[in-house]
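Engineer: sequence plus predicted model, see below.
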Amino acid sequence: MKKKLNTSDETVRVIPLGGLEQIGMNITAFETESSIIVVDCGLAFPEDDMLGVDLVIPDITYLEEKRDKVKGFVITHGHEDHIGALPYVLQRLCVPIYATRLTMAIIENKLKEHNLIGNVKRKVISYGQYINLGDFRIEFICTNHSIADSAALAIYTPAGIIVHTGDFKVDYTPVYGDTIDLARFGELGKKGVLALMCDSTNVLKPGFTESERTVGKTLDSIFEENEKSRIIVATFASNVDRVQQIITSAKKQNRKVVIEGRSMVNIVNTAIELGYIQVPDGMMISLEEMGNYTDDQLVLITTGSQGESMAALSRIAASIHRSVAIKPGDVVIFSSRPIPGNEKSVSKVMNELSMKGAKVIIQDTHVSGHACAEEVKLIYSLVKPKYAIPVHGEYRHLIGQGELAVTMGVDKKNVVILRSGDVLQIGEAEAKVVERVHSAGIMVDGLGVGDVGNIVLRDRQHLSENGLIVVVITLERGSNIVLAGPDIVSRGFVYVREAENLIEECKEIVNIALDRLSSRGVTDWNKMKNEIKDSLTDFLWKKMKRNPVILPIITEV
């Protein structure tokens, strides 16, 4: 350690570069004069207006500018919104990664896919273990979540201890592993905690989150009620405990289990190899072997519980899956709740399944991985922080936790509601936002990272709403006499064969514009294109109240 801990005049900077005012893209930097550590590095899924965009990752320009200070990424757990951006970010900022065993194994799968596995230093950390990174000392604390090996972090800084819960709930009967280490939270509270950064996702829900184990009883009942049917269960690939419970229920009926969906196969195989999922010998079979068994002998565990268009269940529902077809009598269990924004996609898949004769079951087959209000209160009562910094949630969730923190004894002026990009300077004396840094998400479209911005999205939106008209003209070199055209091509605006009169009128408008330009002696192509666009735009708006994208193309021979 370079600086003595807990001195009253010391400060540390806390910089969330994503993850606030939204669910997803979690990444927070902690900075001193000489060191930076980064907690998590997640992605977000595109919003409805991000047409064609696959993923959104955090902008790490701030970290790149200070790359010599960055000591490493410290990861709380293996969900996409906490690790998904690592393969992209590590190509620009290659620093070590520290994580628990299962989390690291999932990360390594991603690094292999992106051919980065040999470039990145990695260290697996156990609960209770400390790591020293520059001015920081970090302790990993056991918590419960909807994925095994989740951890909270006690970050020892020159200004004091900051506790980051990661995503958590209090589960007294977890499917795998130990219960959350409440005793350690209490010990830290007795030492004195400067700030608590606590999961806000379910803070507006009263009471406690149910144990993951309760889902197992529900699954048992559903399996018993449908013992003659083929059962298909859709859930999150990363919910290892849920997969274990499905396998346990299948075992009770001597069913064979098939895993489908690329992410599901990768994570389940990794979890089996590391011992986080126990599968009896001979129980797991391949897709190709399904034909050897009757319906009452099969359970299919698949991705697609959120209605993702290319996920296995969506392809099965749309009858475009290469090996699995829905038939009357199949039972499909959605063992997750729709993420806000995905409701339409999920309903579409459910309707498609129902139309093919499947029985769709959604009730009581999921519990959250996030703490409700009473569990958050419990953490506050143990940690007794001076400052409350709510994280992981939309703005209303952050406000809700701030109000809860006040009821738990935190001074109202010490509740800090941050936005992504805020730079919080925190010490014993005060905590205040001293500046803002750039924190907008970077859009990933196919293999392109960052080449799609607001202007491109605006054009895509315009094209999707109004269509495209291409005007093709051929001019004679030197004289600018029109040799061919104008030809009009329409895409997404009108069907040309059924709008021949309109197309002829458009050609006439273009000819009039060209004559007007010729009479003024205009030969500049840009001016000609602008005149054509303006004339056609005006005509089409007056005639049809439509505003397509107009693209003039001029060639010269």
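Structural biologist: Sure, I can see it. These numbers come from a predicted model, not from an experiment.
Engineer: worst-scoring helix or strand of the protein, pLDDT-wise?
Structural biologist: Of all regular secondary-structure elements in the chain, judged by mean pLDDT, DSSP states H and E, the least confident is strand 448-449 with a mean of 55.
Engineer: pLDDT below threshold where in the stretch 401-550 of the chain?
Structural biologist: Under the criterion of pLDDT under 70, the regions of the stretch 401-550 of the chain flagged as low confidence span 443-465, 478-480, 494-498.
Engineer: now the helices for it?
Structural biologist: 454-466, 500-519, 525-544 (DSSP state H, counting those that start in this stretch).
Engineer: among those, which comes closest to Ile399?
Structural biologist: Taking C-beta to C-beta as the criterion, Ile399 comes closest to helix 454-466 out of the helices of the stretch 401-550 of the chain, the separation being 28.0 Å. C-betas here are computed from N, CA, C, even on glycine.
Engineer: quick one: the strands in the stretch 1-150 of the chain?
Structural biologist: Using DSSP state E, counting those that start in this stretch, the strands of the stretch 1-150 of the chain run over residues 11-18, 27-31, 36-39, 55-57, 70-74, 97-99, 122-124, 130-133, 136-142.
Engineer: could you check the angle strand 27-31 makes with the last one?
Structural biologist: Relative orientation of strand 136-142 and strand 27-31, computed by axes from the mean of the first three to the mean of the last three C-alpha atoms, to 10 degrees: 140 degrees.
Engineer: now do the same for strand 136-142: mean pLDDT, whole number.
Structural biologist: Rounded to a whole number, the mean pLDDT of strand 136-142 is 97.
Engineer: likewise for the third one?
Structural biologist: Here strand 36-39 scores 96 as its mean pLDDT.
Engineer: parallel or antiparallel, which strands does that strand pair with?
Structural biologist: strand 27-31 (antiparallel), strand 70-74 (parallel) (DSSP bridges).
Engineer: pick the most buried one from those strands.
Structural biologist: Ranked by average neighbour count under the criterion mean count of other C-beta atoms under 10 Å, these are headed by strand 27-31 at a mean of 25.
Engineer: how about that strand as CSV, C-alpha atoms only?
Structural biologist: Extracted as CSV, the C-alpha positions of strand 27-31 are listed here (Å, rounded to 0.1, in the frame of the first residue of the first chain):
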residue,chain,number,x,y,z
ILE,A,27,-18.6,-0.1,-15.3
THR,A,28,-17.2,2.0,-12.5
ALA,A,29,-13.7,3.4,-12.1
PHE,A,30,-12.0,4.2,-8.7
GLU,A,31,-9.2,6.6,-8.9
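Engineer: that older thread, who wins for proximity to Glu108 among the helices of the stretch 401-550 of the chain?
Structural biologist: Ranked by C-beta to C-beta, the member of the helices of the stretch 401-550 of the chain that lies closest to Glu108 is helix 454-466, at 33.3 Å.
Engineer: circling back: using JSON lines, lay out the strands of the stretch 1-150 of the chain together with distance to Leu540.
Structural biologist: Listed next are these as JSON lines, based on distance: least, C-beta to C-beta, whole Å:
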{"stretch": "strand 11-18", "distance to Leu540": "41"}
{"stretch": "strand 27-31", "distance to Leu540": "45"}
{"stretch": "strand 36-39", "distance to Leu540": "51"}
{"stretch": "strand 55-57", "distance to Leu540": "34"}
{"stretch": "strand 70-74", "distance to Leu540": "52"}
{"stretch": "strand 97-99", "distance to Leu540": "55"}
{"stretch": "strand 122-124", "distance to Leu540": "58"}
{"stretch": "strand 130-133", "distance to Leu540": "61"}
{"stretch": "strand 136-142", "distance to Leu540": "61"}
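Engineer: neighbours of Pro174, how many?
Structural biologist: Applying the criterion other C-beta atoms under 10 Å, we find 18 residues in the vicinity of Pro174.
Engineer: begin at 438 from now on, thanks
Structural biologist: In the new count, where the first residue is 438, that last one comes out as Pro611.
Engineer: my read: it touches Val652, true?
Structural biologist: No. Contact between Pro611 and Val652 fails when scored by C-beta atoms under 8 Å: they sit 11.9 Å apart.
Engineer: Asp477 is in contact with Ile520, isn't it?
Structural biologist: Yes. Taking C-beta under 8 Å as the contact criterion, Asp477 and Ile520 are neighbours in contact, 7.2 Å apart.
Engineer: neighbour count winner among the two?
Structural biologist: Regarding Asp477 and Ile520, a neighbour count based on other C-beta under 10 Å identifies Asp477 as having more, with 30 against 26.
Engineer: phi first, then psi, for the more buried one.
Structural biologist: Here the main-chain torsion angles of Asp477 (degrees, to the nearest 10) amount to phi 70, psi 160.
Engineer: wait, what's in contact with it?
Structural biologist: The neighbourhood of Asp477, defined by C-beta atoms under 8 Å, 6 or more residues apart in numbering, consists of 456, 463-465, 510-513, 519-520, 603.
Engineer: quick one: it from Asn569, how far?
Structural biologist: Here the distance between Asp477 and Asn569 works out to 20 Å (C-beta to C-beta, to the nearest Å).
Engineer: tell me the spacing between the closest residue to Val874 other than its chain neighbours and Leu454.
Structural biologist: Of all residues beyond its chain neighbours, the one nearest Val874 is Tyr499 (4.5 Å), with distances taken as C-beta to C-beta, 6 or more residues apart in numbering. Distance from Tyr499 to Leu454, counting by C-beta to C-beta: 7 Å.
Engineer: alright, I will stop here.
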